[in-house]
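Chemist: Fold the following.
(chains A and B)
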Amino acid sequence: MSATIISLPDQSTARIPKTNFITKENGLLSWLLTGDHKRIAILYLISITFFFFIGGALAGLIRLELLTPQSDLMATDTYNKVFTMHGVVMIFLFLVPSVPATLGNFFIPMMIGAKDLALPKINLLSWYLYVAGGILVIYTMVSGGVDTGWTFTTPLSTHYVNTNVMSTGMAVFIAGFSSIFTGLNFIVTLHKMRCPGMTWFRLPLFCWAHYAASILMVLGTPVLAIAIVLLALERTIGIGVFDPTKGGDPLLFQHLFWFYSHPAVYIMILPGMGVISETVSTFSRKRVFGYTAVAFSSVAIAVFGFFVWAHHMFIMGISNYAMLVFSLLTMLVAVPSAIKIFNWTFTLYKGSITFETPMLYSFGFMGLFTIGGMTGVFLGTSGTDIHLTETYFIVAHFHFVMVGGMLMAFLAGIHFWWPKMTGRMYPEKISQLAAVVTFIGFNLTFFPQFILGTLGMPRRYAAYPPEFQILNVFSTAGATVLGVGYLLPVIYLVWSLKYGEIAGNNPWQATGLEWQTQSPPLTENFLVTPIMDHEAYDYEWLEKQNAKEVASVG
Amino acid sequence: MSDSPAIAHGAPTEAGHSHGEHPAYQRHHFETVEQQADATNFAMWLFLLTEIMFFGGLFTAYLILRNWYYPAFVAASHQLNVGWGTANTAVLITSSFTMAMGVWCSEMRNKSGLVLSLVLTFILGLVFLGIKSIEYHEKWEKHHIPGMHYSMQNFTDPQSDPETYNEYHDKPMALDMARHTELYFFLYFAMTGMHAVHMIIGIAILGFMVFRAKAGAYTTGHVTFVENFGLYWHFVDIIWIFLFPLLYLISRHQ
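Modeler: Model prediction:
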């Protein structure tokens, strides 16, 4: 583990550049009214971290309740509210905006050599919409919560509960538009703002992954919006579109809801895959194997992702033929996902691998995402799905993908780009420890849930038969370890803002354009518009570049 | 609704750079004016795409339920006034024409022409909403507003509504089918209502544009905002072009 690629400037003389996007203007207003994509990314980073810890606290409550077979920590309906709020907060306020709105926002313009996203005001608007959605969610929580599950399943949400369905629905509607605007901005930026020489196949794969995710945001989210509008009308004036007693169809709601919410899973995971492409290449000093295949597999995931939604409804009365078709299409999504995993593995093959923190998180991602993805195939098979759906197996499956996958990737990305965002390094040893703790905690928390699920423990209940207790105790213990793993980065990253080592322009010797400028960057990102004259991940180009610099200084 | 801000992105900015030969409305992060116009235009098209998906959900619901309760939907559609609907279609198409004239005037830097076109579009938009409210009022009088004292008497006993009966000679419907007319009217209000919301947003922006145009904006070569608003207005028009046959016309004489 002694080998490292970190190359820092001489700490005794190095200084953070005096002019950068953080120091350019001062005062709260200069942040709240900014159009700078980097500042908006920081605003997003702070707000999603806030909501992540709210969602995390709720997850802690869930695990505490499940420590014992009886429902003793809270009443059963409180438990329903807690897991619902956990889902709503984590999905709409953390996972969907996590990588795109922070790292994507910050680095897409820099990677393509642009000064900003195409629509800075829309970018800021998107953050305000996010905050409005977040405030509504907090309002929901303090005024009594909501207990429909994050899926708002009809007719439960329209006829049988009198909790705050309306305010939650409104929150999701508003947060949805925030995500639409982010996606729209990325697509326009990637089409129209690339610097000279930056062809589509010279884009870092991070950009390709975000492009694919943005397509999903732009096409999927409006359908969720209309589903929620109809739900609200159903609830307030009883219009009957989802109400069987009036001739409506409750399944129609599920079709509309999952038409967004399945692709939303890919909105959450694709940007994470983009991060992994960057880190795996940088820390094995090799161009990503099969660049084109990885790029197109992102698009393929986005396209296939739109045709699999009914696999969430196998036990809800869709026809056998629909089941057959959707089961088959679901299997197809595994192909581009596997293409990515295989190509990253081949990138590692004969690479000069080093084990800095982002790479540790990336390894975590690859292992856990593979498990999460493979168990997804079990669930896509209609026969096994009927046995496993609505059990802890499904809970474990999507946490392996979302937490083991996306959250690992998010942390990999945050560590990877932290020096660029702040100009300072995070402390390496303790962050490696945090990565390992997270990995252990994660497996301890969620692996037992696979077993619980196959044994038949249903999800969404506060009580369970006593024979399941031992595995639940493991899971709760793991959640505690995981909690420590997530708290550590917050502490040392904040610490590093003041005491971290000066990072210099390119501590990782990475090839992306974002690394060829000062850290933290200027408001305009580059002194002059860069010209892309080499392929992506071209480490020889970088060496020549460095040699030239040494020569000219000498 | 959340649409109006998306329109605003094409707005010329006061904070543009003054150095070099950049026009004042070029935002600092664009290399050229063409790039700026290209990007905002593309963004508008993408936004309209999301709008299509938004209305798509409603259209899907309508088509599925129409297929299920075909007789109820046909009988209920007889209650709509084709005359008013046709008039409104004509009004909207004309407003699209005046809007297109507005874009042309903006490109030609013809200030008075632009103001006239925008005012005409504004008025035609209001006329559309006026006619729509007459139609809504008719529904109110006949107790055809779902959820509010809804009555299906006109469908279980068609002769109770002689005017419609004399034209279509609907047969009395069994209660089980007749009650689904309420779903039709709900979807009618949801779809035309959502369309009307988009009209209202458009009219509000038009009002703003009239003032700006009078002050000399949009006729200095920076036409992006007018152009993008024009796209929006035509889009709202096209939604109606689909709504009109779906709600009023198809299978009317069966």
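Chemist: C-alpha only now, for contacts and for neighbours.
Modeler: Fine.
Chemist: all helices for the stretch 251-400 of chain A, in order.
Modeler: Assigned by DSSP state H, counting those that start in this stretch, the stretch 251-400 of chain A shows helices spanning A:291-305, A:320-348, A:357-380, A:382-388, A:392-399.
Chemist: neighbours around the residue in the stretch 201-350 of chain A that chain B sits nearest to, how many?
Modeler: Proximity of the stretch 201-350 of chain A to chain B (Cα to the nearest Cα) peaks at A:Pro222, 4.6 Å away. Residues within reach of A:Pro222, counting by other Cα atoms under 10 Å in any protein chain shown, total 25.
Chemist: If I follow the layout properly, it ends up in contact with B:Phe54?
Modeler: Yes: if you go by Cα atoms under 8 Å, A:Pro222 and B:Phe54 touch, sitting 4.6 Å apart.
Chemist: Now do the contacts for the spatially closest residue to B:Lys171 that is not a sequence neighbour.
Modeler: Once flanking residues are discounted, B:Lys171 sits nearest to B:Pro158: 6.8 Å by Cα to Cα, 6 or more residues apart in numbering or on different chains. Residues in contact with B:Pro158 (Cα atoms under 8 Å, 6 or more residues apart in numbering or on different chains) are B:164-165, B:169-172.
Chemist: Okay, buried residues for the helix or strand where A:His191 lies please.
Modeler: Element membership for A:His191 (DSSP states H and E) is helix A:165-192. For helix A:165-192, burial by neighbour count (16 or more other Cα atoms under 10 Å in any protein chain shown) applies to A:165-190, A:192.
Chemist: Can you name the residues of the stretch 51-200 of chain A sitting close to chain B?
Modeler: Contacts of the stretch 51-200 of chain A with chain B, taken as Cα under 8 Å from any Cα of the partner chain, map to A:114-116, A:118-119, A:121-122, A:177, A:184-185, A:188-189, A:192-193.
Chemist: Kindly recompute the last result at 7 Å.
Modeler: Near chain B, the residues belonging to the stretch 51-200 of chain A are A:115-116, A:118-119, A:121-122, A:184, A:188, A:192 when assessed by Cα under 7 Å from any Cα of the partner chain.
Chemist: Which of these lies at the shortest distance from A:Met273?
Modeler: A:Leu184 (19.8 Å; Cα to Cα).
Chemist: Could you list which residues are in contact with the closest one?
Modeler: A:214, A:218, B:43, B:46 (Cα atoms under 7 Å, 6 or more residues apart in numbering or on different chains).
Chemist: Distance of it relative to A:Leu224?
Modeler: Going from A:Leu184 to A:Leu224 by Cα to Cα, to the nearest Å gives 16 Å.
Chemist: what about A:Thr163, neighbour count?
Modeler: 17.
Chemist: again with A:Phe50
Modeler: The burial count assigned to A:Phe50 is 14, neighbours taken as other Cα under 10 Å.
Chemist: What is the distance between the helix or strand harbouring it and the centre of its chain?
Modeler: Assigned by DSSP H and E, A:Phe50 belongs to helix A:37-65. Offset of helix A:37-65 from its chain centre (Cα atoms, centre = their mean, to the nearest Å): 12 Å.
Chemist: After it, heading C-terminal, what element do we hit next?
Modeler: Using DSSP H and E, the helix or strand that follows helix A:37-65 in sequence is helix A:76-88.
Chemist: how about the residues of the stretch 101-250 of chain B that lie near chain A?
Modeler: Within the stretch 101-250 of chain B, the positions near chain A by Cα under 7 Å from any Cα are B:146-147, B:180, B:183, B:186.
Chemist: Just the ones of those in helices?
Modeler: By the criterion of DSSP state H, membership of those in helices covers B:183, B:186.
Chemist: got the residues of the stretch 101-250 of chain B next to chain A as CSV, with distance to B:Ala196, pLDDT and neighbour count columns?
Modeler: Output for those, formatted as CSV (distance: Cα to Cα, whole Å; pLDDT from 0 to 100; neighbours: other Cα atoms under 10 Å in any protein chain shown):
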residue, distance to B:Ala196, pLDDT, neighbour count
B:Pro146, 18, 83, 23
B:Gly147, 20, 76, 16
B:His180, 24, 90, 25
B:Leu183, 19, 91, 24
B:Phe186, 15, 91, 22
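Chemist: tell me the two of the residues of the stretch 101-250 of chain B next to chain A that are most distant?
Modeler: Applying Cα to Cα across these, the maximum distance is between B:Gly147 and B:His180, 12.5 Å.
Chemist: which one is A:Ser126 nearest to, not counting chain neighbours?
Modeler: A:Ser178 (4.2 Å).
Chemist: and A:Ala14, what element?
Modeler: Using DSSP H and E, no helix or strand contains A:Ala14.
Chemist: Now for it: which residues touch it?
Modeler: A:Ile502.
Chemist: Relative to chain B, how far out is it?
Modeler: To chain B, A:Ala14 is 30 Å away according to Cα to the nearest Cα, to the nearest Å.
Chemist: Just the pLDDT for that residue.
Modeler: Listed pLDDT for A:Ala14 reads 88.
Chemist: Then the one 3 residues further on?
Modeler: At A:Pro17, the pLDDT value in this model is 91.
Chemist: Check B:Ala6 too.
Modeler: Listed pLDDT for B:Ala6 reads 39.
Chemist: hmm, which helix or strand of the chain has the shakiest average pLDDT?
Modeler: In the absence of a named chain, chain A is used. The helix or strand of chain A with the poorest confidence is helix A:539-553; it has a mean of 84 (mean pLDDT, DSSP states H and E).
Chemist: Give me the contact list for it.
Modeler: A:285, A:511.
Chemist: Put the alpha carbons of that helix into PDB.
Modeler: Extracted in PDB, the C-alpha atoms of helix A:539-553 (Å, rounded to 0.1, in the frame of the first residue of the first chain):
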ATOM      1  CA  TYR A 539      -1.700   9.400 -19.700                       C
ATOM      2  CA  GLU A 540       1.100   9.800 -22.300                       C
ATOM      3  CA  TRP A 541      -0.200  13.200 -23.300                       C
ATOM      4  CA  LEU A 542      -0.100  14.100 -19.600                       C
ATOM      5  CA  GLU A 543       3.500  13.000 -19.200                       C
ATOM      6  CA  LYS A 544       4.600  15.000 -22.200                       C
ATOM      7  CA  GLN A 545       2.700  17.900 -20.900                       C
ATOM      8  CA  ASN A 546       4.500  17.700 -17.500                       C
ATOM      9  CA  ALA A 547       7.900  17.200 -19.200                       C
ATOM     10  CA  LYS A 548       7.200  20.300 -21.300                       C
ATOM     11  CA  GLU A 549       6.400  22.300 -18.200                       C
ATOM     12  CA  VAL A 550       9.600  21.200 -16.400                       C
ATOM     13  CA  ALA A 551      11.600  22.000 -19.500                       C
ATOM     14  CA  SER A 552      10.200  25.500 -19.900                       C
ATOM     15  CA  VAL A 553      10.700  26.200 -16.200                       C
END
